[in-house]
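> task: produce atomic coordinates for the following.
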Amino acid sequence: MRLSHILVAWAMLLPSMAWAATYRLVTFEYPPYEYTENGEVKGMAVDIVRAAFKWMNHDVSIEVYPWSRCQMLFERGEVDGIFTFFQNDARQAFTLFSKETVVTQTISLWVLKHSRIEFNGDLTRLQAYNFGVTPKTSYGERFDTAVKYDLIRTEAAQSIESNILKLQKGRIDIWVSNRDGALHELKRLGLTHRVRELKQPIQVVPAYVGFSRLRQHAALRDQFDQAVAALKLSGTYDAIVQKYLPLPDGRALVAHN
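Prediction:
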């Protein structure tokens, strides 16, 4: 029995020997996780997804669109998968979520440097302010619920950069973003000195790859989970994370499970 258990465990760590196929995934401009540079799709999550599909012996085509179009293509079953995707009840109807996280995002609130706004964890205390968001984007269960029940006011812009510029011009009071993406874009725009992160984050949210229910990709999702688990076990996952978010002592900024 011991030998059989060892053989089963070993088989799970080996790349899939199934016939190779090409799958089409969509994502959006959300650095440092996924972004285009000189016409090439790059980013932490992109590298993790590509490494997983390589382990699975499959090819993957990753296309970048505005987030609303990504979701439309995915919901219609015109593509095989979407990332990085937060779980919520509405998405379960058409999504087979990976069980392995791709990245974990800290969702924070950002204000102008000299703003007197503070956050103690209770979003209802910020009802007097306008929150800048991007359309059809989930910011985790806590924020999404506050929006659903009109507990806070939001104003949508099509990109992270647009929200930063609206904040700078005083057209919104608070900008909602994941920490890593915010820091990346603020540095790129040379505006790090103009904006500050409120001390308490809204929520720490795991993000996944969503696979199409319409295309019946349960088996593909399971293969992907095996691949990501193997990447984490081998140290490849941490090496990719540290490429984008290194710390002085070599530890990764992104938690995973």
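
> what ranges in the stretch 101-250 of the chain fall below the confidence cut-off?
When residues are selected by pLDDT under 70, those of the stretch 101-250 of the chain lie in 246-250.

> which parts of it are strands?
103-112, 130-133, 153-156, 174-178, 195-197, 203-212 (DSSP state E, counting those that start in this stretch).

> which residues does residue 23 contact?
The contact partners of residue 23, by C-beta atoms under 8 Å, 6 or more residues apart in numbering, come to 53, 58-61, 80-81, 220. Quick note: C-beta positions are derived from backbone N, CA and C, even for glycine.

> quick check, it in a helix?
No. The assignment for residue 23, made by DSSP: H, G, I helix; E, B strand; the rest coil, is strand rather than a helix.

> partner residues bridging it?
Beta bridges link residue 23 to residue 60 when assigned by DSSP bridges.

> and it, how far is that from residue 151?
According to C-beta to C-beta, to the nearest Å, residue 23 and residue 151 sit 39 Å apart.

> again with residue 212
33 Å.

> again, but for residue 134
Distance from residue 134 to residue 151, by C-beta to C-beta: 19 Å.

> quick one: which of the two has more around it?
The neighbour comparison of residue 134 against residue 151 (other C-beta atoms under 10 Å) goes to residue 134, with 22 against 13.

> can you pull the phi and psi angles for the more buried one?
phi -110, psi 150 (degrees, to the nearest 10).

> tell me the pLDDT of the residue nearest to residue 214 when sequence neighbours are not counted.
Nearest-residue entry for residue 214: residue 77, 3.2 Å, with adjacent residues in sequence omitted and distances by C-beta to C-beta, 6 or more residues apart in numbering. On pLDDT, residue 77 comes in at 97.

> cool, the one 5 residues further on as well?
Taken from the predicted model, the pLDDT recorded for residue 82 is 98.

> how close does the nearest residue to it once chain neighbours are set aside sit to residue 212?
Leaving aside its chain neighbours, residue 82 sits nearest to residue 74 (4.3 Å; criterion: C-beta to C-beta, 6+ apart). Remark: distance between residue 74 and residue 212 (C-beta to C-beta) = 7 Å.

> tell me, what's touching the two both at once?
Counting by C-beta under 8 Å, 6+ apart, the residues touching both residue 74 and residue 212 are 81, 94-95.

> just the residues you listed: which are in strands?
The members of the shared contacts of residue 74 and residue 212 that map onto strands under DSSP state E are 81, 95.

> which helices and strands does the strand or helix carrying residue 51 pack with?
Assigned by DSSP states H and E, residue 51 belongs to helix 44-55. Packing contacts for helix 44-55, counted by 3 or more C-beta pairs under 8 Å, 6 or more residues apart in numbering; DSSP states H and E, involve strand 22-27, strand 59-64, strand 81-85, strand 103-112, helix 218-234, helix 236-244.

> so what does the fifth one touch, helix or strand wise?
Read that as helix 218-234. helix 2-13, helix 44-55, strand 95-97, strand 203-212, helix 236-244.

> residues contacting residue 221?
96-99, 209, 211.

> now residue 76: how far from residue 62?
From residue 76 to residue 62 the distance is 18 Å (C-beta to C-beta).

> these two: which is more packed in?
Neighbours of residue 76 and residue 62, each counted by other C-beta under 10 Å, are more numerous for residue 62; the result is 20 against 11.

> got a winner among the contacts of residue 23 for most neighbours?
Neighbour max across the contacts of residue 23 (other C-beta under 10 Å) = residue 81, 28 neighbours.

> if we can go back for a sec, export the shared contacts of residue 74 and residue 212 as TSV, with columns for distance to residue 70.
Formatted as TSV, those follow (distance: C-beta to C-beta, whole Å):
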residue	distance to residue 70
81	10
94	13
95	12
